[in-house]
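K.L.:
Would you be able to build a 3D model of this:
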Amino acid sequence: AVDTAWSELETESALKRPILDDHLARNEFQEKVRLWVKSHESIHQNITKWYNDKEAYLKVKETIKSSDDARFQLATLAAFEKNKTDLTAAQVVPMQSLGADVREAKHSSAHSEWVYEKPTEVEALETDISTKWSTLESLSTAKKEVLDDDLARELYAEDTRLLAERHGGKVATLQQWAQERAAYLEKTEDVQTIADAQSALAVLDAFDKEQQAVTSAVVSSLHTLGADILARKYETTHSQYVYESPSDITAHETDVDSALARLTTLSAAKRTTLDADLKRELEKEELRLEFSNRAYDFAQYVDDTCLIISPFGNAVKRRSWSVAGRGTPEKSGEDAAIDAAQAPYGATITEIADAGKNIELENEEIIKTSDAMQASYKETMQKMAALNVTDNQYTKFSAEELDEARVHLESALKQRGTAYQGEKQRIEKNDAICKDFAGKAEPVVAQINDAMFTLLEAKRSLDDQLTYVVSQVENCNGPMMTQVADIKKLSLTLQERKVQHNDHTTLSVNDITLQHGFFGTFLSKKQPALEQDIEHKKHKGVSLAQVEEINEIYKQYDADGSGSIDKKELRAALFSLGEDASKDSIANYMSKFGDGNVMTERQFMELMLSILGDAVEKETITVSFEVLSSIREGIKAADLSAVMDEADVAYITTEAPKTDDVYDWAEFTEAMFSR
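P.N.:
Sure, this is the predicted structure:
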């Protein structure tokens, strides 16, 4: 029975525990939600307190007296907006989130359910904050509109005051300018010359133009600025502004207009006085100016003429009367000779003669012109004396100085004549040296050309050619060398005398030196080549070394020592010497030089001399090409045609490598002798 009772108790206990656990969990949940509600209410209170303060600030209208005041208040309003934004993020948003948590909070189990009993009160607090925020937004917008207007108005007012300050500055500047110009107009000018009168009138003209410019530009802009200031008005639904002192603007402009009108009256009076002064000075100075111009023209003519006719430009000394006023020492002796060498009289005998005729005509014209100009200024001097005009500030020339100028002109003409004669003698001497140079240079070149063509034609025997070459070597190293030395001396003399062109010849000392050197080189190569050709001729052009080589080849193929070789052995021997003969050629050789079947050692030598004899040496060909070629890079067809017939020229121009119109004889020769 006890066990049954305990069992029942355990059963009841197991049923009761979940219920009690649920009660505990529900009560704990309720306490947490109610704490949320209290926190929600606390945040609402804090926000409401902040709202009340800011609402009062937004409803206040500040007194704005400057743009700085307006900017400060706008900055304060911006700070409020930032504060509001920060508060929204820090409290309003968390409050709304907390309220949503309260309204959504719910305990639900198998034993019980529970939600917060007053959700509408929580929602009402949030609605209240939203309403307050809307109110703040409206008040802030309205306050900013008013403050923006305050800033715009104050900026407009400050701009207007700045314009008024500029207007006042213009007025002060114009009044100062008018005061200074009035002092100038009231002053009496001391006019003693035409230049004084003209200068004073020019200054007055400049003043009138200046006054016109000031009136049309500065004064006009002053009135425009004043009208703009008086017309300026700021007006909106919030405020308005016009310039505070309009009467000052009008008074300043009236003062400026009166000052300018006075200047106009003073200027007219001053111009009348200066016009009278100018007329008086013009009547006095007419003769002075006439003499000054004529004296100056004469002195300038003498100065220019002396410069033109002087052998070296300004070689003639300029006197005190010189217009240019620059002095250069008169030259004589060696300096004069140097000038004469550079004078523009010509470089040839014909040119120097023509220059002499031109100088005579120029001298006549110069004297004639000088006489006429002197008569002109002397006539003016007589008129000045008749009117008792003794001073002349327009010129420093006196009658004595002008007479000195005439003497100096005649001296310059004489000096040019002396310089011309010296230059004529120099040109004649240069021409004589040039003729001497040509007379020595042309024969040397002719000798070289004749000898070269004689040697290149090769119509003589080798012995005759060698004899001719030996004679030319003696001539080249003896008499001809002496001639070349004389030519070099003459060339040096011409260089020292600065002669750059020789009308009697186109040859230069370099041409002679190069051709003489080349001729000597050619002869030094030609002589041993001819001596070698004469030696070769004795063996029909075959050298001793080649004879020995032929004998060795014969012994090599006469293997049995019989003293003869057959057709097969002959063909092998020729092949070893570079001759690839056909069977018909071998048979022909056997018939011509042997007995038809075999060939002795002597008969073999006769055959080889026939094949190799009279061969031209490669060095001889090379020397010939070097002589014929007019350029270093190769040879032209024209060079070949000078000593060869058309067929030979055609063969070389067909076989030799070509670049443009130049044929490579070196490569052609190499190819020919390698075959």
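
K.L.:
Contacts only, for the closest residue in space to residue 600 that isn't next to it in sequence.
P.N.:
Among residues not flanking residue 600 along the chain, residue 564 sits closest, at 5.3 Å (Cβ to Cβ, 6 or more residues apart in numbering). In short, each C-beta sits where N, CA and C put it, glycine included. Residue 564 makes contact with 558, 594, 598-601, according to Cβ atoms under 8 Å, 6 or more residues apart in numbering.

K.L.:
between these, which is nearest residue 16?
P.N.:
Distance ranking of the contacts of residue 564 against residue 16, using Cβ to Cβ, places residue 558 first at 150.2 Å.

K.L.:
Need phi/psi at the closest one.
P.N.:
phi -90, psi 70 (degrees, to the nearest 10).

K.L.:
Surely it and residue 566 touch.
P.N.:
No. Taking contacts as Cβ atoms under 8 Å, residue 558 lies outside contact range of residue 566: 9.9 Å.

K.L.:
Compare the two (neighbour count), which wins?
P.N.:
Per other Cβ atoms under 10 Å, whichever of residue 558 and residue 566 has more neighbours is residue 558, with 20 against 16.

K.L.:
shaky segments in the stretch 451-600 of the chain?
P.N.:
For the stretch 451-600 of the chain, the stretches flagged by pLDDT under 70 are 457-459, 536-544.

K.L.:
all strands of it, in order?
P.N.:
For the stretch 451-600 of the chain, the strands defined by DSSP state E, counting those that start in this stretch cover 564-566, 598-600.

K.L.:
Equivalent analysis for the stretch 101-250 of the chain, please.
P.N.:
106-108, 113-115, 233-235, 240-242.

K.L.:
Tell me which of the ones you listed approaches residue 361 most closely.
P.N.:
strand 233-235 (90.5 Å).

K.L.:
Can you pull the poorly scored residue ranges out of the chain?
P.N.:
In the chain, residues with pLDDT under 70: 311-344, 457-459, 536-544, 612-633, 642-643, 672-675.

K.L.:
From residue 570, how far out is the residue nearest to residue 600?
P.N.:
Going from residue 564 to residue 570 by Cβ to Cβ, to the nearest Å gives 10 Å.

K.L.:
circling back to that earlier point, looking at the strands of the stretch 101-250 of the chain, which is nearest to residue 363?
P.N.:
Of the strands of the stretch 101-250 of the chain, nearest to residue 363 by Cβ to Cβ is strand 233-235, at 90.9 Å.

K.L.:
can you list contacts of the closest one?
P.N.:
Against strand 233-235 from outside (Cβ under 8 Å, 6+ apart): 152-153, 156-157, 240-242.

K.L.:
closest to residue 227 among the residues you listed?
P.N.:
Of the contacts of strand 233-235, the one sitting nearest to residue 227 (Cβ to Cβ) turns out to be residue 242, at 13.8 Å.

K.L.:
contacting residues for that closest one?
P.N.:
Residue 242 neighbours (Cβ under 8 Å, 6+ apart): 232-234.

K.L.:
Go again with 6 Å.
P.N.:
By Cβ atoms under 6 Å, 6 or more residues apart in numbering, the contact list for residue 242 reads residue 233.

K.L.:
and residue 279, what helix or strand is that in?
P.N.:
Element membership for residue 279, per DSSP states H and E: helix 246-309.

K.L.:
What segments of the stretch 451-600 of the chain are helices?
P.N.:
Ranges of helices in the stretch 451-600 of the chain, per DSSP state H, counting those that start in this stretch, are 462-477, 479-496, 509-538, 544-557, 567-576, 583-593.

K.L.:
Tell me which of those lies nearest to residue 182.
P.N.:
Here helix 479-496 is closest among the helices of the stretch 451-600 of the chain (Cβ to Cβ), at 79.9 Å.

K.L.:
packing partners for that closest one?
P.N.:
In terms of contacts (3 or more Cβ pairs under 6 Å, 6 or more residues apart in numbering; DSSP states H and E), helix 479-496 is packed against helix 399-457, helix 509-538.

K.L.:
Next, the buried residues of the last one.
P.N.:
If you call a residue buried by 16 or more other Cβ atoms under 10 Å, then helix 509-538 has these buried ones: 509, 512, 515-516, 519-520, 522-523, 525-527, 529-530, 533, 536.

K.L.:
what would the strands of the stretch 451-600 of the chain look like in a markdown table with distance to residue 182?
P.N.:
Shown next, in a markdown table, are the strands of the stretch 451-600 of the chain (distance: least, Cβ to Cβ, whole Å):
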| stretch | distance to residue 182 |
| --- | --- |
| strand 564-566 | 142 |
| strand 598-600 | 142 |
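
K.L.:
Of the buried residues of helix 509-538, just say which sits nearest to residue 254.
P.N.:
The closest of these, once distances to residue 254 are taken by Cβ to Cβ, is residue 509, at 98.1 Å.

K.L.:
Quick check on the contacts of strand 233-235: which are buried?
P.N.:
Listed as buried from those are 152-153, 157, 241; burial here means 16+ other Cβ under 10 Å.

K.L.:
which one of those residues is nearest residue 392?
P.N.:
Closest approach to residue 392 among these (Cβ to Cβ): residue 157, at 70.6 Å.

K.L.:
In space, what's closest to the closest one - neighbours in sequence excluded?
P.N.:
Nearest one to residue 157, counting by Cβ to Cβ, 6+ apart, is residue 241 at 5.0 Å.

K.L.:
Identify the bridge partners of the one you found.
P.N.:
In this entry, residue 241 is beta-bridged to residue 234, by DSSP bridges.

K.L.:
Distance check, it against residue 261.
P.N.:
From residue 241 to residue 261 the distance is 35 Å (Cβ to Cβ).

K.L.:
Distance across stretch 226-237, terminal residue to terminal residue?
P.N.:
End-to-end distance of stretch 226-237: 27 Å, with Cα to Cα, to the nearest Å as the criterion.
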